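>>> Just to be clear, the model below is a prediction. Sequence and coordinates:
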Amino acid sequence: MTPNPPLDPAQLRDLLQFYADAGVDEALEDEPQNRFAEAPPKPAQPKPAPSGKAPEQPAKASAPAAQPPSAAVPDEAQAARARELARQADSLEALREILADFDGCNLRHTAKNLVFADGNPEAEVMFVGEAPGRDEDLQGLPFVGRSGRLLDRMLAAIGRDRTSAYISNVIPWRPPGNRDPSPLETEICRPFIERHIELAAPKVLVTLGNPSTKLLLHTKTGIMRMRGKWSVHTTPGGAEIATMPTLHPAYLLRNPAHKKLAWRDFLEIKKKLGEVNG
Ligand code: URA
């Protein structure tokens, strides 16, 4: 590859502005780098000895080589630890603290903030999305970007807002560059969102989009076939919660013609909330 000619500061500023306007918010290299596979630093080599002297020895020949700071590689042991910790949480506040201290998911190390929940934890209805995006990561709150504004409008259409709805995500840390969370990252986060729902104990659960629907309803069926029909989410302790899968607001922004389907689902949710209260 021919190197680019150097840019002057004004050109650089314009280029950065262009990237920002285009929505670029991650600085990535052209080639992917596997940081987990990077070799630890080599132990110091003996300095060449001036002639006639014995070579200088490293201070402690048997000391182990220094290790780079460890990045948490998701593995099954972390998933087991997550299950145990989530079980221990006896309140939403305790769960939030446990998550804030949990270092077993690598997503936590690239995210700026933990995104735990927003809205009213006492509300009868809880919405669960997939994972925070850039705005959510910056503010530490779920659904505060473009799709969040659409979700607010959808809530308003059934007479609710964030004082009468509780909102969270399957994944509480933003995946870098908004990539999909890996299956193991999801498995590590699963016990936390399951316990979160159990502790909030909503009467009605709404899964937004494919990932949360598949995870919380243990199904492989896609959202287009699941949406609009009541299902049941079973909490780790065995409680059953009426669950409505519906389309994710981000999907609706890309496919506005499908808003009418979400509208039907929201009318069902409104009806069910009327029944559970009546
Ligand atoms: N999409 C999600 O699934 N969750 C958010 O919090 C924001 C966007």
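Okay, I see it.
>>> What residues does this protein have near the ligand?
129-133, 136, 142-143, 145, 147-148, 169, 250 (C-beta under 6 Å from any ligand atom). Where C-beta positions appear, they are placed from N, C-alpha and C, glycine not excepted.
>>> Quick one: residues contacting the closest residue to His248 other than its chain neighbours.
Counting by C-beta to C-beta, 6 or more residues apart in numbering, Gly209 is the residue found nearest to His248 once chain neighbours are left out, at 3.0 Å. Listed by C-beta atoms under 8 Å, 6 or more residues apart in numbering, the contact set of Gly209 reads 129-130, 223, 247-248, 250-251.
>>> Can you add secondary structure and give those residues back as TSV?
As requested, these are arranged in TSV below (DSSP: H, G, I helix; E, B strand; the rest coil):
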residue	secondary structure
Gly129	strand
Glu130	coil
Ile223	helix
Leu247	coil
His248	coil
Ala250	helix
Tyr251	helix
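>>> In JSON lines, list these along with distance to Val276.
Compiled in JSON lines, the contacts of Gly209 are given as follows (distance: C-beta to C-beta, whole Å):
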{"residue": "Gly129", "distance to Val276": "22"}
{"residue": "Glu130", "distance to Val276": "26"}
{"residue": "Ile223", "distance to Val276": "24"}
{"residue": "Leu247", "distance to Val276": "23"}
{"residue": "His248", "distance to Val276": "24"}
{"residue": "Ala250", "distance to Val276": "28"}
{"residue": "Tyr251", "distance to Val276": "27"}
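>>> Is Pro211 within a helix or a strand, and which one?
With secondary structure defined by DSSP states H and E, Pro211 is part of helix 210-216.
>>> State the mean pLDDT of that helix.
Helix 210-216 shows a mean pLDDT of 98 in the predicted model.
>>> Now it: buried residues?
Within helix 210-216, the residues that qualify as buried are 210-216, counting by 16 or more other C-beta atoms under 10 Å.
>>> can you tell me the residue of the stretch 1-150 of the chain closest to the ligand?
Using C-beta to the nearest ligand atom, Gly129 is the residue of the stretch 1-150 of the chain that sits closest to the ligand, at 2.9 Å.
>>> Tell me the bridge partners for that residue.
As for beta bridges, Gly129 partners with Asn169 under DSSP bridges.
>>> pLDDT score assigned to it?
Per-residue confidence (pLDDT) for Gly129: 98.
>>> Repeat that for Thr186.
At Thr186, pLDDT is 97.
>>> repeat for Ser70
The model reports Ser70 with a pLDDT of 47.
>>> can you check Glu76 too?
According to the model, Glu76 scores 87 on pLDDT.
>>> likewise Lys53?
The predicted local distance difference test score for Lys53 is 41.
>>> Report all helices and strands that the helix holding Pro211 contacts.
Where contact means 3 or more C-beta pairs under 8 Å, 6 or more residues apart in numbering; DSSP states H and E, helix 210-216 is packed against strand 125-129, helix 183-200, strand 204-208, helix 223-226.
>>> Quick one: closest of the ones you listed to Leu107.
Put simply, out of the helices and strands packed on helix 210-216 the one that sits nearest Leu107 is helix 183-200, at 5.8 Å, with distance taken as C-beta to C-beta.
>>> Next, the angle strand 125-129 makes with the closest one.
Taking axes from the mean of the first three to the mean of the last three C-alpha atoms, to 10 degrees, one finds helix 183-200 and strand 125-129 inclined to each other by 170 degrees.
>>> So which bits of helix 183-200 are buried?
Using 16+ other C-beta under 10 Å as the test for burial, helix 183-200 gives 184-200.
>>> so where do the helices sit in the chain?
Listed from the start of the chain, the chain has helices (DSSP state H) covering 9-21, 76-88, 92-101, 107-110, 134-139, 146-157, 183-200, 210-216, 223-226, 249-254, 259-277.
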